[in-house]
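>>> For reference, the sequence and a predicted model appear below.
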Amino acid sequence: MDDFKFTEKQIRRRATEQSFERGERYARQGRVLGIVRRGDRLTALCAGSAPYPYRVSILLEGGRIAETLCTCPYDWGGDCKHIIATLLTALDAPEDIPERPTLAELLNEQSKDRLIDLISELADSMPGLEDALDDWLTGELPEYKLYDPYGPYDEYDTW
């Protein structure tokens, strides 16, 4: 695994003072759960104020932070406290982060029949997936998001 090439100072610059302080507190409280590295992507769950944890995804390029995403509704500039908590947790103990195969690697190992079964099962349990796949496979770009980060959490919305 490549070493992270970002610092706490760089993480701090990505957030408002309030978001950084709250993210730092979340990291200390151990609210970052299930952090995993898959190639150049870090993913984690972060327990916040909602009754369910938020999903965090961080794309790294050359060990540097390239893109961050969180399913929380934060929209006040910079990274949210969940992203900050995840970055600080990763920076604090990179050796504790399990490395897993990327999605492409996992899918590449599967037979066509197994992939068809997987996608069919997911489409049966995730409203909108079948239409999104149809649009993507026919070359029509959908004007909607497959996953609404502000929508309700239910039994199908698991990691």
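Great, that's in hand.

>>> Where does the residue located most distally from the centre of the chain fall, secondary structure wise?
Largest separation from the mean C-alpha position in the chain: residue 113, at 27.9 Å (C-alpha atoms, centre = their mean). Under the criterion of DSSP states H and E, residue 113 resides in helix 112-125.

>>> Mind listing residues that contact that helix?
By C-beta atoms under 8 Å, 6 or more residues apart in numbering, the surrounding residues in contact with helix 112-125 are 107, 110, 129-130, 133, 156. From N, CA and C alone the C-beta is placed, and that goes for glycine too.

>>> and those, which are buried?
Those of the contacts of helix 112-125 that meet the buried threshold are residue 129, by 16 or more other C-beta atoms under 10 Å.

>>> And the strands in this protein?
Counting by DSSP state E, the chain has these strands, from start to end: 32-38, 41-46, 54-61, 64-70, 99-100.

>>> Distance from the chain centre to the second one, please.
Looking back up the chat, that one is strand 41-46. Put simply, strand 41-46 sits 5 Å off its chain's centre (C-alpha atoms, centre = their mean, to the nearest Å).

>>> same deal with the shortest one?
Using C-alpha atoms, centre = their mean, the distance from the centre of strand 99-100 to the centre of the chain it belongs to is 14 Å.

>>> Show me what the mean pLDDT comes to for it.
Computed over strand 99-100, the mean pLDDT rounds to 97.

>>> got it, and stretch 135-145?
Averaged across stretch 135-145, the pLDDT comes to 72.

>>> again, but for stretch 115-130
The pLDDT scores in stretch 115-130 average 92.

>>> Quickly note the distance from residue 45 to residue 11.
According to C-beta to C-beta, to the nearest Å, residue 45 and residue 11 sit 19 Å apart.

>>> got it, and residue 129?
Here the criterion is C-beta to C-beta. By it, residue 129 lies 34 Å from residue 11.

>>> likewise residue 78?
Distance from residue 78 to residue 11, counting by C-beta to C-beta: 10 Å.

>>> The two: which is more packed in?
Taking other C-beta atoms under 10 Å, residue 78 and residue 11 do not tie; residue 11 has more neighbours (21 against 17).
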